[in-house]
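1. Have a look at this prediction, sequence included:
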Amino acid sequence: MANKIFMIMTFAGVPLSIIGSLLHWPSTIMFGIYCLTIIALASYMGRATESLAIIAGPRIGGLLNATFGNAVELIISIFALKEGLTGVVLASLTGSVLGNLLLVAGLSFFIGGLKFKRQTFSVYDARHNSGLLVFAILVAFVIPEVFSMKMDMTETISLSVGISLILIALYLAALFFKLVTHRGVYQKENGEAEEHEEPEWSKKRAIFTLALATLAVAYVSENLVHTFETVAESFGWTELFIGIIIVAIVGNAAEHASAIIFSWKNKMDIAVEIAIGSTLQIAMFVAPVLVLVSLLFNEAMPLVFSLPELVAMSSAVLLIVILSNDGESNWFEGLTLLAAYIIMGIGFFLL
């Protein structure tokens, strides 16, 4: 049923997005159409990556899901940078970190926990990811904020570029560590045999669908960016709220749906890999790439977040590290993460 709804939304949303942009329909109407279309396209991306996850395994499947899910946000952010909306981009990066660690992981723990009293995932992967999260958020994001207080903009940009290159190098090294040198070294102890599951789509169809959906999202995203200012004025929203809540939720719709589906099927390894792996990719790859890409435009983007953004991200990291380091989850832990997300959402709305 849900697949039919998303199919209708896609085949209606894409033509309406094209027609509306050509005929210059009101921005508030087009904002809604663009958001719903991106979410519908994201559902196809989610189904395709689920098929690839069954074929390639949870780690590679989770990585593919995170990569193509984050591709949506990367595309939106590049167009926003082109328009000089660096505040929206930094806010959307913050929103992605909070959304993945608190909303996606929270919903996965909560919804999966309603069906299963105790769910487990690889404690080794959880601890490995925890170290990278602390490094990326509490070190690499905090340092530019602290040092920029004594620097001018040129020096801050130089510092941001240097940190970005280090983050990208370490992220690639982390992938090499997990997928090559230490692949299979740390296995979750589980006596139960995993049931064989047939993928919904073949490998070729899944990759083709991913590529096509990403191209469609790129077109819709470019038009979505142009509606931000008008929508903000109409609803009284700040750029910060649009970036942290709206863009982040729309941009990460594929991961949201997939992680929840996997947790309901008790496949917590891939659900956690999507939520935390996506956060690491945002912090250690997408954000640094956007800093480097911004050098091509009129206004370069420093890797400097506001104090509320840093405090919110640091709090989210500490909370998820404490709750996930034992390799187990339940519905109450999920509810705790969701409560934290709602509190932060209210704060950013009123800020």
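-> Nice, I can see it. Numbers count the residues shown, from 1 in each chain.
2. what about the stretch 151-300 of the chain, any weak spots by pLDDT?
-> For the stretch 151-300 of the chain, applying pLDDT under 70 flags the ranges 184-196, 251-255.
3. Tell me where it has helices.
-> Using DSSP state H, counting those that start in this stretch, the helices assigned to the stretch 151-300 of the chain run over residues 153-176, 203-225, 228-235, 239-241, 248-251, 253-264, 268-281, 287-294.
4. Put the alpha carbons of the first one into PDB.
-> It refers to helix 153-176. Provided in PDB are the C-alpha atoms of helix 153-176 (Å, rounded to 0.1, in the frame of the first residue of the first chain):
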ATOM      1  CA  MET A 153      37.900  35.100   8.100                       C
ATOM      2  CA  THR A 154      40.800  34.200   5.700                       C
ATOM      3  CA  GLU A 155      42.600  32.400   8.500                       C
ATOM      4  CA  THR A 156      39.300  30.700   9.600                       C
ATOM      5  CA  ILE A 157      38.700  29.500   6.000                       C
ATOM      6  CA  SER A 158      42.300  28.100   5.800                       C
ATOM      7  CA  LEU A 159      41.800  26.300   9.100                       C
ATOM      8  CA  SER A 160      38.500  24.900   7.800                       C
ATOM      9  CA  VAL A 161      40.100  23.600   4.600                       C
ATOM     10  CA  GLY A 162      42.900  21.900   6.500                       C
ATOM     11  CA  ILE A 163      40.500  20.200   8.900                       C
ATOM     12  CA  SER A 164      38.300  19.200   6.000                       C
ATOM     13  CA  LEU A 165      41.200  17.400   4.200                       C
ATOM     14  CA  ILE A 166      42.100  15.600   7.400                       C
ATOM     15  CA  LEU A 167      38.400  14.500   7.900                       C
ATOM     16  CA  ILE A 168      38.100  13.200   4.400                       C
ATOM     17  CA  ALA A 169      41.400  11.300   4.700                       C
ATOM     18  CA  LEU A 170      40.400   9.700   8.000                       C
ATOM     19  CA  TYR A 171      36.900   8.800   6.700                       C
ATOM     20  CA  LEU A 172      38.400   7.000   3.700                       C
ATOM     21  CA  ALA A 173      40.900   5.200   6.100                       C
ATOM     22  CA  ALA A 174      37.900   4.200   8.300                       C
ATOM     23  CA  LEU A 175      36.200   2.600   5.300                       C
ATOM     24  CA  PHE A 176      39.400   0.800   4.300                       C
END
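5. Off-centre distance for that helix?
-> 19 Å (C-alpha atoms, centre = their mean, to the nearest Å).
6. got the buried residues for that helix?
-> 156-157, 159-161, 163-164, 167-168, 170-171, 174-175 (16 or more other C-beta atoms under 10 Å). For every residue, glycine as well, the C-beta is placed using N, CA and C.
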